[in-house]
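Enquirer: can't give you the sequence, but here's the structure:
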């Protein structure tokens, strides 16, 4: 199966309101260009250095999504061009993004990452932490970030009931934040959840963005080109 055929298969399962983020981490530029040639414009990367060189090498109408765990000292390298940062999991990171966005004369859209999985290895806020942050004076000092929604990763398990429950939890958080804090902000609309193994469940539970890598590009490669 070609990359184009794989994209078509995934898109056939996506409702019109769900955006496909092609997760291209570790993949060489040539493979991204195959997807690009088929009309794909949103790509997800989880390493700042790799994202920066791909931005330089590839067409400038690509939307670059940062989907990994972001270190504060790396934000400056992608602040001038990143389209959306999916994994904001602390106020400290949000404050750094705001500062770097100001330097770049931009407002950077961000998603608040919640810890919804049972696995301790996943990053993310609790709903209590986000509520406290949104009610704080310090949050309202941030003028160069835009909270565009929420993001989360389910437990890596074959138990579909558990995955449904965790994604439903993220949708519940989104709904509560929308009505409580972002009711007058149409930009707060994204629920980034679902990957190659569980995106169909995520769509059932309300996802608006799915992050699909191996289903499109095959398993990860770790060659010298990346």
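Expert: In hand now; what should we look at? Computed from a predicted structure; not experimentally measured.
Enquirer: ok, longest helix in the protein?
Expert: Scanning the chain for the longest helix, with DSSP state H as the assignment, gives helix 160-180.
Enquirer: which element is residue 191 on?
Expert: strand 190-192 (DSSP states H and E).
Enquirer: For whichever helix or strand comes after that strand, give the mean pLDDT please.
Expert: Remark: after strand 190-192, the chain's next helix or strand is helix 199-204, criterion DSSP H and E. For helix 199-204, mean pLDDT rounds to 98.
Enquirer: Equivalent analysis for stretch 55-74, please.
Expert: For stretch 55-74, the mean per-residue pLDDT is 96.
Enquirer: go on, stretch 117-127?
Expert: pLDDT averaged over stretch 117-127 gives 83.
Enquirer: what do you get for stretch 25-42?
Expert: For stretch 25-42, the per-residue pLDDT averages 96.
Enquirer: Buried residues, it. List them.
Expert: Within stretch 25-42, the residues that qualify as buried are 25-27, 31-32, 34-36, 38, 40, 42, counting by 16 or more other C-beta atoms under 10 Å. Just so you know, the C-beta spots here come from the backbone N, C-alpha and C atoms, and that holds for glycine as well.
Enquirer: contacts for it?
Expert: Residues from elsewhere that reach stretch 25-42 (C-beta atoms under 8 Å, 6 or more residues apart in numbering): 2-4, 7-8, 19-22, 24, 43-47, 50, 54, 57-59, 61-63, 65, 67-68, 83, 213, 216-217, 220-223, 225-226.
Enquirer: could you check the distance from the residue most central in space within the chain over to residue 94?
Expert: What sits nearest the mean C-alpha location of the chain, by C-alpha atoms, centre = their mean, is residue 86, with 3.2 Å. Residue 86 sits 13 Å away from residue 94, taking C-beta to C-beta, to the nearest Å as the criterion.
Enquirer: Equivalent analysis for residue 151, please.
Expert: Counting by C-beta to C-beta - residue 151 and residue 94 are separated by 13 Å.
Enquirer: For the two, indicate the residue with more neighbours.
Expert: residue 151 (27 against 22; other C-beta atoms under 10 Å).
Enquirer: in which helix or strand would I find that one?
Expert: strand 145-152.
Enquirer: What of residue 43?
Expert: strand 42-45.
Enquirer: Just the buried positions in that strand, please.
Expert: So strand 42-45, judged by 16+ other C-beta under 10 Å, has buried residues 42-45.
Enquirer: So for the following helix or strand past it, what gets flagged as buried?
Expert: Remark: after strand 42-45, the chain's next helix or strand is helix 48-57, criterion DSSP H and E. Within helix 48-57, the residues that qualify as buried are 48, 50-52, 54-55, counting by 16+ other C-beta under 10 Å.
Enquirer: after helix 48-57 comes which helix or strand?
Expert: Trace forward from helix 48-57 with DSSP H and E and the next one is strand 63-66.
Enquirer: what sits up against that following strand?
Expert: Residues outside strand 63-66 that contact it (C-beta under 8 Å, 6+ apart) are 21, 41-46, 48, 51, 54-55, 78, 81-87, 211.
Enquirer: and with 10 Å instead?
Expert: 19, 21-24, 40-48, 51-52, 54-55, 58, 74-75, 78, 81-88, 108-111, 192, 209, 211 (C-beta atoms under 10 Å, 6 or more residues apart in numbering).
Enquirer: Walk me through which strands it pairs with, and which way each runs.
Expert: Strand 63-66 has its sheet partners listed here by DSSP bridges as strand 42-45 (parallel), strand 84-88 (parallel).
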